[in-house]
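A.B. asks: no sequence on this one, just coordinates:
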């Protein structure tokens, strides 16, 4: 799931509005082997929200900054 940050919580420090980002497919899978609890957070599977216009993520989710070729 990729998109652009349009708003931030007041404690967010590492991102800014306008950053283009891509979320990890399983927001709770940060490293290592998966578990049933991690699999339950997979976007588009058990967790709704892949085909949505707006989405929020908790602070622990890995987001990756995207640099697009046409920028």
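C.D. replies: Cool, got the structure. From a predicted model like this one, the values you see are computed outputs, not experimental measurements. Numbering: from 1, shown residues only.

A.B. asks: gap between the most centrally placed residue in the chain and residue 32?
C.D. replies: Centroid-nearest residue in the chain, with CA atoms, centre = their mean: residue 23, separated by 2.9 Å. Note on residue 23: its distance to residue 32, by CB to CB, to the nearest Å, is 18 Å. For glycine as for every other residue, the C-beta is placed from the backbone atoms N, C-alpha and C.

A.B. asks: just the strands in this protein please.
C.D. replies: 2-4, 20-23, 63-65 (DSSP state E).

A.B. asks: quick check: mean pLDDT of the first one?
C.D. replies: Just to be clear, that refers to strand 2-4. Averaged over strand 2-4, pLDDT sits at 83.

A.B. asks: quick one: strands adjacent to that strand?
C.D. replies: strand 20-23 (antiparallel) (DSSP bridges).

A.B. asks: can you pull the buried residues of the strand it pairs with?
C.D. replies: 21, 23 (16 or more other CB atoms under 10 Å).

A.B. asks: tell me what the helix or strand bottoming out on mean pLDDT in the chain is packed against?
C.D. replies: Lowest on mean pLDDT, DSSP states H and E among the helices and strands of the chain sits strand 63-65, with a mean of 70. Using 3 or more CB pairs under 8 Å, 6 or more residues apart in numbering; DSSP states H and E as the contact definition, the elements that strand 63-65 packs against are strand 20-23.
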